[in-house]
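Asks: here are the coordinates; sequence isn't available:
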DNA sequence: TTGGGAATTGCAAGCGCTTGCGACCCGCTG
DNA sequence: CAGCGGGTCGCAAGCGCTTGCAATTCCCAA
């Protein structure tokens, strides 16, 4: 039913090879001929068969986006941004969610991207060297988001600085007992390897900078969910000497913490301060002070890096600086305000 | 570099056609032969070239997921659920975001799915008849989520019932002045056509059922964003006779409303009740009473419907009933409680 | 007028797999 | 013992496009 190159060729009175070249903008075709061919193609509603040209060229013009969990806002946002860049550049976007360890293992065990895509955009996954090698063995150009590997392009944020800035903000307000809600890989996680422990390190840095002695009891490592944040916050409140503020390694955790605080009848920021990390879409609506790290921009930059790699550019890594966004969830601790008034 | 059918054929001592058939499970191959071929393939790490088999068969084993806005939680969740079903069934998932009217028009103007996918899963978009026809003309099997079209499979929820149930819940609590925050297509929206006005109709139904005369001034139509909900709520509060409760057509709108209420110093549910719609991932953490409509299930069902269609089944439509999830954002209006105490 | 070369275009050989059809091998029936 | 039918397999013709290389045309300098 759809017309073929031949049809166009006949209609334009040229050979199929000329049609092929004319339509793809290959140089060496007279402008007049090209126009004639384009018109013929247009009239017939001709579109080159993808499978055929892929087979002939060996290129797919498709990029696989590999993500641990699509329904998390962070990933959706990154993918959306990356997708826009990619499709504008003429690439199709193939979605691959590796939501369980089984899926992840299966994905890397077989050459699943072979002939399916030209490149892979890998989000958050901490690739083992052999996993990265596997991708490359399948002829994939690869770009990473949220991790760094020798030989691969990547964009990542200076999370240690971010953790430090978030914590410093609280210290500047006068807080001294500050808890940290960290993301700890759950058993069922597919992230693999060491996720943003950087943020925790930044937290410790800030404490050290301020001469506050760290209390391991204030460092919580939980799954990256609202409920986990909520639970950890609840635990923190039962401590003999509870914290007066918390920095969460993600806004989701912070949301959970806020829920617990509200449930406990505590005022935020009156009785307790919290700062999150991500600048989640909904952070504004709950007035959460948080670290913004250009989520959409990460996607955009990674897509551009991948395209560059596909065009033969050498691997490059881009580092983003997170920024503190102050909203209404942080204030000086009650102690100070009481003394001050 | 990757080995070809021929290599496997030689290694197994058979012809290429036998290899092809053996590996794909086509009947008519002796079990012993099949096993031998599989071993040979395994040893060589052979994987059939996708482009080649796609060209030869004319099938892509790929499904395009078409979505207006990927970064919205609802869509991400639906896609994630659908994606799991699809990939388990051996289909690749191609992502297509139509975030602007221009993109949408361009998408339907050209046969963009031609030879790219076997089917399309269309989310939320209210397809014009010719748009649906265009997809089918490209040989796509299509399944819809959130809309219904003659001849196409779809899964949709009884939103009118949902709107009614949400409103009735408030009425049962004793509210009489209830506002409705509806989703109205913004100029830049790509949804097209009439989106969930059903929820509004349900709201009116409930009022009518209770003999409450509707007040058009209480019906707000805004964009589906937190900020819009926030703004509309602010407007509602300035009314001469403000409402005591609101039903929002989405949890995002509800989040915005909550933010405004909090900002205005009003207690929820003490001074004001709000019920949302979606059962958003974060609805629980803010204690939002809302309508659950099985978001993930919609994705799952739609994917299954699409696969069925691809397997030759006739179009079918699946209707889901939304359920009220009561949390802490709704209570009797202050008036009643004051009188009661 | 004529040879050289640049600019265009056509030829035909793939790209790697699928599949209709015929060949072949057996065990059996008549 | 000849012939038949079912079960297996191989042949070879595509699927529709790309591309190296040769052919043709045309313009201009010599």
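Replies: Arrived safely. Only a predicted model underlies this, so the values are computations on that prediction, with no experimental measurement involved.
Asks: Got phi/psi on residue A:247?
Replies: The phi/psi pair for residue A:247 (degrees, to the nearest 10) reads phi -110, psi 130.
Asks: no, scratch that, I was asking about residue A:113
Replies: phi -100, psi -10.
Asks: Determine the number of other residues adjacent to it.
Replies: The tally of other residues near residue A:113 (other CB atoms under 10 Å in any protein chain shown) stands at 26. Every C-beta, even on glycine, is put in place using the N, C-alpha and C of the backbone.
Asks: residues contacting it?
Replies: For residue A:113, the contacting residues are A:64, A:120, A:135, A:138, A:140, by CB atoms under 8 Å, 6 or more residues apart in numbering or on different chains.
Asks: Can you list phi and psi of residue A:137 for me?
Replies: According to degrees, to the nearest 10, residue A:137 has phi -70, psi -20.
Asks: Same check on the one 5 residues further on?
Replies: As for residue A:142, its main-chain torsions (degrees, to the nearest 10) stand at phi -130, psi 140.
Asks: What distance do you get for it to DNA strand D?
Replies: Plainly put, residue A:142 is 23 Å away from DNA strand D if you go by CB to the nearest atom of the strand, to the nearest Å.
Asks: hey, what's that residue bridged with?
Replies: Beta bridges link residue A:142 to residue A:120 when assigned by DSSP bridges.
Asks: From residue B:21, how far out is it?
Replies: Separation of residue A:142 from residue B:21 (CB to CB, to the nearest Å) stands at 35 Å.
Asks: These two: who's more crowded?
Replies: residue A:142 (25 against 18).
Asks: May I see the buried residues of stretch A:212-227?
Replies: Residues of stretch A:212-227 classed as buried by neighbour count (16 or more other CB atoms under 10 Å in any protein chain shown): A:212, A:218, A:220, A:222-227.
Asks: Could you dump the contacts of residue A:113 into CSV with pLDDT and secondary structure added?
Replies: Compiled in CSV, those are given as follows (pLDDT from 0 to 100; DSSP: H, G, I helix; E, B strand; the rest coil):
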residue, pLDDT, secondary structure
A:64, 98, strand
A:120, 97, strand
A:135, 96, helix
A:138, 94, coil
A:140, 96, coil
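Asks: okay, those residues in TSV with distance to residue A:185 and neighbour count next?
Replies: Below are these laid out as TSV (distance: CB to CB, whole Å; neighbours: other CB atoms under 10 Å in any protein chain shown):
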residue	distance to residue A:185	neighbour count
A:64	23	26
A:120	22	24
A:135	21	25
A:138	26	21
A:140	25	26
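Asks: now, which of these sits nearest DNA strand C?
Replies: residue A:138 (14.2 Å; CB to the nearest atom of the strand).
Asks: Would you confirm that the closest one contacts residue A:110?
Replies: No: no contact is recorded between residue A:138 and residue A:110 when judged using CB atoms under 8 Å, the distance being 9.6 Å.
Asks: Let me know the secondary structure of residue A:125.
Replies: Look at residue A:125: counting by DSSP: H, G, I helix; E, B strand; the rest coil, its state is coil.
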